[in-house]
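J.: I would like to see how this sequence folds:
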Amino acid sequence: MLRIKLLLGCFFLSHLLNAQVMMNLDSLLRLLPTAKEDSAAVDLYINIGQQYELNEPEKSKFYYRKARDLSEKINYPAGVIKYINNYTYVLNVEGNTDSSLLLNLYGIELSRKINDSLSLAKTLFNTGTSYRFMNDYEKAIPYYMEGFAIFERLGNDDLVTKTYDILQVIYQDMKQYPKALEYGRKAVEKAKQISNPLFLGTAYLNLGISYYKLSAYDTAKSYFDQALVIGRQLNNKQLISSCLLGIGSYYIQSGEYQKIKDIYDQSLVIGRQTQDRETEITALTGLSIFQLSQNNHSKAIDHAMEALRFSEKYGFKKEKLESYEQLSKIYYGLRDMRMAEKYSALAEHLSDSLINENIQKISIDAEKKYETAKKQAEIDKLTAEKKLQELSIQRKNTINLIVLLSAFALAVILLLTGRNHRHRQRIQQQRITELEHEKMLAATDAVLKGEEKERARLARDLHDGLGGMLSGIKFTMNNMKGNLIMTEENQQAFERSLDMLDSSIKEMRRVAHNLMPEALVKFGLDTAVHDFCNDIDKSGVINIQYQSIGMEGAVMDQTTAITIYRIIQELVNNVIKHASARNAIVQINRSGENIGITVEDDGKGFDPSILAGTTGIGWTNIRNRVDLLKGNLDVRSEPGQGTSVHIEMNAP
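T.: From the prediction side, this is the model:
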């Protein structure tokens, strides 16, 4: 009977909740020409790679490597970890588990170094997956459990859901199918709760395999069917091919051979498209079984031989065994006993070889454990002897040391007391500094909120009060115009007065709009910034382009949105006033709860070090607003090279 292919992915940014924002591939590729060498460009490369991942893995790896190279160039370790978490997924799918393991171990080291708990948990799980693909469960399980503990502490439902599914697969590999069912059901329920179709489809597939292993074939088939529907909705070729292989095995088990040809034809096409050799070999063997059921022995042999060639070429021993067994069955059907016995003997020999390899591996592991335990016992014995010797020497020296220790005791106590006092003073001073900083932020918050409130009030007063009055005056003067008899000179003066009144009304509306943009209140940050940049661009003062990633439909707190709008407004005004630039770009990139703001120009540039001592109101307001949002501000500029201002912050 053909083996069903498990589907177990690694954890990384596109597969989990904190993944890059998924966009249309064409839209992402259009951003490449304007991408700068910064963290946003790293995220862009990762996002493009994820789009290619399922259908064109080589292109996917190309963009992941570009993300790695740029991350190393700009000293962005978080970007290197993103590369590892994505790249190793493709390596595992391709069967390159040795390379995947080395990268994942480096990812663990790097995550610990930068103290990133979420990245550490992902790389721990990816490392466990690499060991699982190598059938080294003893090493895999500790990595899984350490990662799972972190995920539970973070309390993220997406991560917990995927964890349940991976634990299901682990227990399948360990042939503990009731335990696998327990975790599989948990994975399905969690996936339904969080409405994640990819996680649900994978959980359905793996749960179907658990039931299949327990010979509950009809139940297994129902889960394969449900997973296949989701796979086709998502156009996820890996999920589709795995479901098809499961359904094909069900039809073989139930003797419904007429139904398996279409199933394995589809699987073969997908296996060749995605270069998934395991799927390709299994599909060829399934097609051979179909042809044998139709007494078409020639085609059955062709398919089985092609599966055998691929198995030998890519080192799939279990699939090679299935090919031998299938060829033996075909030749028995042809009553060619010589060839049937030949392949039967080859199958038996390979089966014995696999059993011997497994026994040898178990023996080697047992021997390693024995030698390790033996060496540890020797180390413990030597350590105990050394401790006895040290204890004897210590007893002899104790009397001699008592007087000396007594003499130093008071000095040590005084030293520790003084040190304690200084330590408490440092802690108190640190706390005072923190409280002063919090007080300053609170004051800044109050000032900025008061400023925005006053802006809103002035905008309403101008628009509703003064605007209404001016409009009334204009209406009155227009009515008077038809009832007055004036000289030609007075008529011209009257017309000029009306024109000046129109200009005053427009200027009043412009000032009111700048004080509190109506689009910001009604339609949100993305629309407001777009309108702001569009108005400036139309004015001809400067050519300005606005780009947004992940902002469509984004919802955020109004205070935060206003603060970000004021930051962008102030940065653009600085470009217009001081940069002598012809072109500028404003970009907002949202990923989960993280938001990045970039304002760049091709102006005359400056030395960023002068900002440390500046007391200008505009730049002070920018720094205060960034501090209020607990963001990071990065200014890069050189004389004659333009200026780039990048801000990263959380925007829940």
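
J.: Tell me the confidence at Gln429?
T.: Gln429 carries a pLDDT value of 79.

J.: what helix or strand is it on?
T.: helix 337-460 (DSSP states H and E).

J.: Doesn't Arg636 belong to a strand?
T.: Yes - under DSSP: H, G, I helix; E, B strand; the rest coil, Arg636 falls within a strand.

J.: what number of residues lie near it?
T.: Arg636 has 15 neighbours, counted by other CB atoms under 10 Å. Quick note: C-beta positions are derived from backbone N, CA and C, even for glycine.

J.: three-state assignment of the spatially closest residue to it that is not a sequence neighbour?
T.: In space, and not counting its chain neighbours, Arg636 is closest to Ser644: 4.7 Å by CB to CB, 6 or more residues apart in numbering. Using three-state DSSP, the structure places Ser644 in strand.

J.: By mean pLDDT, flag the weakest helix or strand of this protein.
T.: Every helix and strand in the chain was compared by mean pLDDT, DSSP states H and E; the lowest is helix 467-481, with a mean of 65.

J.: residue contacts, Lys61?
T.: Shown in contact with Lys61 (CB atoms under 8 Å, 6 or more residues apart in numbering): 49, 87, 90.

J.: go with 10 Å
T.: Residues near Lys61 by CB atoms under 10 Å, 6 or more residues apart in numbering: 49, 52-53, 86-87, 90-91, 94.

J.: so which of those comes closest to Leu120?
T.: Of all the contacts of Lys61, Leu120 sits closest to Asn86, with 16.2 Å by CB to CB.

J.: Would you check how far apart the closest one and Ala187 are?
T.: For Asn86, the distance to Ala187 equals 22 Å [CB to CB, to the nearest Å].

J.: which ones are touching the residue nearest to Arg636?
T.: 36-38, 585, 598-601, 605, 634-637.

J.: Please indicate which of these are buried?
T.: 38, 585, 598-601, 605, 637 (16 or more other CB atoms under 10 Å).

J.: Neighbour count: Asn86 and Ala187, which is higher?
T.: Asn86 (30 against 27).

J.: I am assuming that one contacts Gln50, so please confirm or correct that.
T.: Yes - using CB atoms under 10 Å, Asn86 is in contact with Gln50, at 6.7 Å.

J.: Name the nearest residue to Lys192, sequence neighbours excluded.
T.: The nearest residue in space to Lys192 (CB to CB, 6+ apart) is Leu200, at 6.3 Å.

J.: The one you found contacts Ile194, doesn't it?
T.: Yes - contact criterion CB under 10 Å: Leu200 and Ile194 qualify, at 8.9 Å.

J.: got any residues that touch both of these two?
T.: The contact lists of Leu200 and Ile194 share Thr161, where a contact means CB under 10 Å, 6+ apart.

J.: More neighbours: the two, which one.
T.: Leu200 (23 against 14).

J.: gap between the more buried one and Asn236?
T.: Taking CB to CB, one finds Leu200 at 12 Å from Asn236.

J.: tell me, what's touching those two both at once?
T.: With CB under 10 Å, 6+ apart as the test, Leu200 and Asn236 both reach 227, 230.

J.: what's near enough to touch Leu214?
T.: 177-178, 180-181, 220 are the contacts of Leu214 under CB under 10 Å, 6+ apart.

J.: Please apply the same query to Asp218.
T.: Contacts of Asp218 by CB under 10 Å, 6+ apart are 211, 250, 254.

J.: And the strands in the stretch 551-652 of the chain, which stretches?
T.: For the stretch 551-652 of the chain, the strands defined by DSSP state E, counting those that start in this stretch occupy 583-591, 594-601, 632-637, 643-650.

J.: Quick check: mean pLDDT of the longest one?
T.: The predicted model gives strand 583-591 an average pLDDT of 91.

J.: Give the residue spans of the stretch 401-550 of the chain that score low on pLDDT.
T.: Residue ranges of the stretch 401-550 of the chain with pLDDT under 70: 403, 406-407, 417, 421, 432-472, 474-484, 503, 506-516, 518-519.

J.: rewinding a little: just the closest of the buried ones among the contacts of Ser644 to Leu120, please.
T.: Closest to Leu120 out of the buried ones among the contacts of Ser644 is Asp38 (24.2 Å), distances taken as CB to CB.

J.: Phi first, then psi, for that closest one.
T.: Note on Asp38: its backbone torsions stand at phi -140, psi -180 [degrees, to the nearest 10].

J.: Let me know how buried Thr34 is, in neighbour terms.
T.: 12.

J.: can you check the one 10 residues further on too?
T.: Using other CB under 10 Å as the criterion, Leu44 is surrounded by 24 other residues.

J.: Next, the angle from the host helix or strand of it to strand 643-650.
T.: Here Leu44, judged by DSSP H and E, is contained in helix 39-52. Relative orientation of helix 39-52 and strand 643-650, computed by axes from the mean of the first three to the mean of the last three CA atoms, to 10 degrees: 70 degrees.

J.: Next, count neighbours for Ala40.
T.: Other residues close to Ala40 by other CB under 10 Å number 19.

J.: The one 3 residues further on too?
T.: Other residues within reach of Asp43 by the criterion other CB under 10 Å amount to 24.

J.: That one touches Ile549, doesn't it?
T.: Yes - the criterion here is CB under 10 Å, and Asp43 meets it with Ile549 at 8.5 Å.

J.: and after the helix holding Leu44, which helix or strand comes next?
T.: That would be, after helix 39-52 and using DSSP H and E, helix 57-73.

J.: Please point out which parts of that next one sit buried.
T.: 57, 60-61, 63-64, 66-68, 70-71.

J.: Now tabulate those in TSV and tack on distance to Leu205 and pLDDT.
T.: Formatted as TSV, the buried residues of helix 57-73 follow (distance: CB to CB, whole Å; pLDDT from 0 to 100):
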residue	distance to Leu205	pLDDT
Pro57	20	88
Ser60	22	92
Lys61	25	92
Tyr63	27	93
Tyr64	26	94
Lys66	32	93
Ala67	29	93
Arg68	31	95
Leu70	36	93
Ser71	34	94
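
J.: what's the closest of those residues to Lys318?
T.: Pro57 (22.9 Å).

J.: So what's the gap between stretch 250-264 and the chain middle?
T.: Centroid separation for stretch 250-264 versus its chain: 39 Å, with CA atoms, centre = their mean, to the nearest Å.

J.: got it, and stretch 182-191?
T.: On CA atoms, centre = their mean, the centre of stretch 182-191 falls 22 Å from that of its chain.

J.: likewise stretch 242-254?
T.: 33 Å.
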